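Enquirer: Fold the following and give me the result.
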Amino acid sequence: MSSVVQEMKRVSSAWLKTKSPDLESFAWQAGYGAFSVGHLQVASVRRYIARQEEHHRKVSFEEELRQFLKRYEMAYDERYVWD
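Expert: Model prediction:
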């Protein structure tokens, strides 16, 4: 991992930990992705997170991410997406 990415992860982790006591132990995984959402989508994202474990019994994380990237027409290379 490049030093730029390492620094970005360090800085973003430190910033995120200041946003809520619930995030004090936050740490990025070896691989990660970050997406922004609008204010109107916050409730739906929270519901998704709460049900994520159950949801991923039906649809794998990998397949869901592929669907997401395709839906939003985001270019990606499989060689760099998975650990």
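Enquirer: Longest helix in the protein, by number of residues?
Expert: helix 3-17 (DSSP state H).
Enquirer: residues touching His56, list them.
Expert: The contact partners of His56, taken as C-beta atoms under 8 Å, 6 or more residues apart in numbering, are Glu64. Placement of C-beta: from N, CA and C, glycine included.
Enquirer: what's the neighbour count on Ala34?
Expert: 7 (other C-beta atoms under 10 Å).
Enquirer: How about the contacts made by it?
Expert: Per C-beta under 8 Å, 6+ apart, neighbours of Ala34: Ser12.
Enquirer: what does the one 5 residues further on give?
Expert: Under the criterion of C-beta under 8 Å, 6+ apart, His39 has no contact partners.
Enquirer: what's the spacing between it and Val45?
Expert: His39 is 11 Å from Val45, where distance means C-beta to C-beta, to the nearest Å.
Enquirer: Ok, Tyr72 next?
Expert: 15 Å.
Enquirer: okay, these two: which has more neighbours?
Expert: Shown here are Tyr72 and Val45; by other C-beta under 10 Å, Val45 has more neighbours (12 against 8).
Enquirer: What segments of the protein are helices?
Expert: Using DSSP H, helices in the chain cover 3-17, 42-50, 52-58, 61-71.
Enquirer: can I get these in CSV with distance to Gln29?
Expert: Shown next, in CSV, are the helices of the chain (distance: least, C-beta to C-beta, whole Å):
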stretch, distance to Gln29
helix 3-17, 10
helix 42-50, 15
helix 52-58, 14
helix 61-71, 11
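Enquirer: how about those in a markdown table, adding mean pLDDT?
Expert: Shown next, in a markdown table, are the helices of the chain (pLDDT from 0 to 100):
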| stretch | mean pLDDT |
| --- | --- |
| helix 3-17 | 84 |
| helix 42-50 | 92 |
| helix 52-58 | 91 |
| helix 61-71 | 91 |
